Every structure is written in structure tokens, then in C-alpha cells.
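Student: please work out how this folds:
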Amino acid sequence: MFFLFISIYTYTLKYAFIDNKQLSFYTDFNEMPLVFNTALIFFLFLISLHAFIEIPKGLHRDIFHYKKNDVFFYLFYIIGTIAMIYGKSGDNIFLSGGYSLGETKTSSLNEYFLIPFLLSIVFSNNEKSKIILIFSLGGLYAIKNLLLGGRIEVVMLVLCLFVWKFHDKLKPITIIITAFIAFYFFNIIGNIRQDPTLLFSDSWYLLFIPDSSISNSEIIISQESDVFYSTNRIISMAEENIISISERFSAFFYFLLSIILPYSMLPDIANLPRYKIDEYAAGGGELIFTPFYLFMSYIGVILIAFYIAKVMKSLIIKNNFDFWNIYCLFVFITLPRWYAYNPIVMFKLSLYGALICTAVIYINKFFVRSFNHNIE
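Tutor: Numbers count the residues shown, from 1 in each chain. Now for the predicted structure:
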């Protein structure tokens with residue numbers, strides 16, 4: 001699942017190097033030498049990741065460890081429901097006429113929904129009635145986000161459900177086929193959110209056909225190509241000293257601060273995809289290796305690849321459900337957000353999720369011990 005997802009962003013380079021097409025309609029940093037340099041850094045990351053990662057065969061186990069506590073289950077189920085309701089609001093894509101055309105408000109609650117959702121799974125004790133409730137809440141969350149133009153949140157939810165119920169039940173070939181079907185489904189959703197009126201027109205069938213305009217256009221317009229261009233923009237700005245050495249040090253310092261502080265309280269350099277966006281336009285996002293290249297050059301790219309490999313290995317082989325393993329679980333679930341949009345999610349949402357879940361599990365353990373002691 002991990003490699004299938006990241007391959008989407010690797011494939012987009014085919015358009016630049018084989019089809020000789022321009023990645024994104026932004027032009028400030030679209031010269032081929034700059035694209036080539038960023039691609040080399042990208043491949044250094046991929047090569048390092050493949051070198052470090054270990055995937056043991058024939059290992060099947062439950063990643064979630066269940067607890068029996070109905071009070072905690074319903075408490076976090078209600079919190080998750082509140083986060084689902086108030087995390088995102090606005091005009092759905094059918095009313096607004098397309099993605100980003102209407103007013104949509106999104107708060108951090110929308111993605112932090114994953115924390116109470118995961119705790120609901122833990123305290124469900126894997127009981128059938130509670131499983132139905134969890135799937136119902138997840139379904140409502142997915143439908144709401146799709147109607148409001150969100151896809152990444154739905155992918156993260158799917159990864160959570162995959163780890164919970166399907167990771168040790170599906171064969172690799174089944175996972176691959178399912179992933180391709182899901183990729184096709186999200187392409188359809190992408191077409192609908194760009195032009196919902198097409199669904200009710202005589203040309204509705206075009207929504208289900210791969211975009212033929214790619215073969216006829218000299219410019220690639222897609223989420224993946226925009227993310228690569230944004231990555232290329234940041235790296236090229238550093239290479240051409242538009243982002244100075246001192247600013248790169250500052251960016252590292254504020255990156256660490258952004259783990260505990262919101263971007264609104266930090267200077268612009270803290271958020272690299274938005275830095276100098278008025279002067280050098282881009283669609284946003286950045287591949288995971290981007291800030292670490294700015295912070296520590298090639299060593300940073302290798303180190304983040306090593307760290308990701310360690311996290312993935314721990315998730316697979318360790319049978320504990322302690323702070324580190326819960327953190328690794330959140331890192332996997334939030335993969336779509338930190339890999340291509342904002343690396344801080346790996347160290348913020350995932351870290352907060354692990355801290356909260358670990359604290360709640362210890363509180364539950366304390367109550368259980370106290371209850372048993374009183375009975376004795």
C-alpha cells in the first residue's frame with residue numbers, strides 16, 4: 001500500500017522526461033535542468049528508502065490491541081462525531097459548481113477526527129455491534145468530505161480501515177488490484193469535483209474515461225504534477241539562493257517550532273510551500289524529502305528515508321501497542337498528507353495522536369486495576 005501510493009508521484013516524471021511535456025502551467029521553475037536536478041534528489045530518496053526498508057514475509061498479526069470499556073468507546077465515538085460535523089463545512093461541489101468555487105471552511109478537527117476514531121476502534125473490543133457503528137461513522141465522514149471536495153481525508157480513513165480489518169486478510173495481488181480500482185475511483189471523483197454539471201449532461205460518460213487531453217496538451221495539469229512542481233520550486237529557490245543559507249537555517253528552526261505552534265504564529269519561512277508564493281506562484285504541497293534537503297542537503301534526504309523505513313518496519317514486526325507503535329500506526333494512516341502535502345503532519349498529528357492514545361490507554365489501565373483491587 002505504501003509503495004503503491006508513492007509510485008503515483010514518481011510516475012508523473014514520465015511526462016517530463018519521456019513525453020517532453022511541461023509539468024504544471026506555472027513557469028518560474030520549469031526549465032529542464034531544474035526539473036532534472038529535483039528528480040535526481042527525488043530518486044536519491046527513493047533509492048535510500050528501498051535500501052533501508054525491510055518487509056518480512058509471512059507475518060500476520062493484529063496491529064490494533066483491543067480494550068473492553070464501553071464508556072470510553074461511546075465517549076470517543078461522540079467526540080469523533082462532533083469532529084466530523086464541525087471539522088469541515090461549506091458549499092458542496094454540486095451547489096458551488098466545482099471544487100474551490102464555493103466557500104469551504106476546514107479546521108484541524110477534520111483530520112484530528114482520526115484520533116477519536118482510532119480510539120473508538122481500540123475500545124470497541126472488536127464487538128460486532130460496535131464495528132457497525134464505526135463503519136457507519138467512517139462512511140458519513142467519507143461522504144461529507146467527498147461532497148466538500150476532499151479526497152486526502154478519505155484516503156487516510158481508508159488506510160485506517162485497511163490496517164484495522166484487511167491488512168492480514170488480503171493477498172498482495174488483491175491489494176494491488178483494489179488499489180488500482182481505488183485510484184480509478186478517485187480519478188472519477190476528481191473529474192466530478194472539477195465539473196459536477198457533467199454528471200447530469202449528455203456527456204456524463206466522459207467522467208469515466210481517462211482524460212484524453214493529456215495526450216493532446218503540452219502542459220500536464222494534475223495534483224501529482226502540481227506537487228512535484230511545488231517541490232521543484234522550493235528546491236530551485238534554494239539552489240538559486242532565492243532562499244538563502246540563513247533562511248534555510250531559520251526554516252529548520254521554525255519547522256521544529258511548528259510541531260507545537262500553528263503557522264499563523266510563525267513567520268512565512270516556516271511554511272515552505274507558501275513562502276514567496278506571491279512572487280513565484282505554485283499550487284502548493286511538497287514531497288516529503290523537500291524540507292530535509294533544504295535543512296541538511298543530501299544527508300537530510302537519506303536520513304528521512306531511513307526514518308520512514310524504521311517506522312514502517314516497526315509497524316510490521318513489533319507486536320506491542322505502546323507509544324512508538326501507535327505513533328508508527330498514525331504515520332502510516334496519515335501517509336497521503338505528509339508524503340505529498342505537509343511533512344509536519346508526520347511529527348505533529350501523528351505525535352499528538354500517539355500521545356493522546358497512549359495516555360487514554362494508561363488511564364483505562366489505571367481504572368481497571370483500581371476496579372479489580374476494590375473487588376479483592
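
Student: gap between residue 22 and residue 37?
Tutor: Going from residue 22 to residue 37 by Cβ to Cβ, to the nearest Å gives 16 Å. All C-beta atoms are positioned from the backbone trio N, CA, C, and that covers glycine.

Student: tell me which of those two has more neighbours.
Tutor: Taking other Cβ atoms under 10 Å, residue 22 and residue 37 do not tie; residue 22 has more neighbours (19 against 15).

Student: please name the bridge partners of the more buried one.
Tutor: Taking DSSP bridges as the rule, residue 22 bridges to residue 219.

Student: for the helix or strand harbouring residue 233, what does the pLDDT average out to?
Tutor: Per DSSP states H and E, residue 233 falls inside helix 223-239. Here helix 223-239 scores 92 as its mean pLDDT.

Student: now do stretch 54-61
Tutor: 67.

Student: run the chain-centre distance for the strand or helix carrying residue 5.
Tutor: Secondary structure from DSSP H and E places residue 5 in helix 2-11. Here the centre of helix 2-11 is set off from its chain's centre by 12 Å, with Cα atoms, centre = their mean, to the nearest Å.

Student: what do you get for stretch 32-39?
Tutor: What separates the centre of stretch 32-39 from the centre of its chain is 25 Å, taken as Cα atoms, centre = their mean.

Student: likewise stretch 226-244?
Tutor: For stretch 226-244, the separation from the chain centroid amounts to 21 Å (computed by Cα atoms, centre = their mean).

Student: kindly report the same for stretch 73-90.
Tutor: Here stretch 73-90 is found 20 Å from its chain centre; the criterion is Cα atoms, centre = their mean.

Student: which residues are in contact with residue 243?
Tutor: By Cβ atoms under 8 Å, 6 or more residues apart in numbering, the contact list for residue 243 reads 234, 237, 251, 269, 275, 294.

Student: who wins for most neighbours among these?
Tutor: residue 234 (27 neighbours).

Student: can you tell me how far that one is from residue 280?
Tutor: Applying Cβ to Cβ, the value for residue 234 to residue 280 is 9 Å.

Student: so where's the stretch 201-350 of the chain shaky on pLDDT?
Tutor: Counting by pLDDT under 70, the stretch 201-350 of the chain has low-confidence residues at 203-207, 209-217.

Student: how about the helices in it?
Tutor: Assigned by DSSP state H, counting those that start in this stretch, the stretch 201-350 of the chain shows helices spanning 213-216, 223-239, 245-257, 289-317, 323-333, 335-340, 344-347, 349-375.

Student: got those helices as TSV, with distance to residue 129 columns?
Tutor: Formatted as TSV, the helices of the stretch 201-350 of the chain follow (distance: least, Cβ to Cβ, whole Å):
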stretch	distance to residue 129
helix 213-216	47
helix 223-239	38
helix 245-257	44
helix 289-317	28
helix 323-333	24
helix 335-340	30
helix 344-347	33
helix 349-375	20
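
Student: deepest of these, which one?
Tutor: Greatest average neighbour count among those goes to helix 223-239 (a mean of 24), per mean count of other Cβ atoms under 10 Å.

Student: tell me how far that helix is from the chain's mean position?
Tutor: Centroid separation for helix 223-239 versus its chain: 18 Å, with Cα atoms, centre = their mean.

Student: which other helices and strands contact that helix?
Tutor: For helix 223-239, the packing partners by 3 or more Cβ pairs under 8 Å, 6 or more residues apart in numbering; DSSP states H and E come out as helix 2-11, strand 22-23, helix 32-52, helix 289-317.

Student: among the ones you listed, which is nearest residue 348?
Tutor: Within these, the stretch nearest residue 348 is helix 289-317; the backing value is 13.2 Å (Cβ to Cβ).

Student: angle of the closest one against helix 32-52?
Tutor: Calculated by axes from the mean of the first three to the mean of the last three Cα atoms, to 10 degrees, helix 289-317 forms an angle of 20 degrees with helix 32-52.

Student: please consider this matter closed, and thank you.
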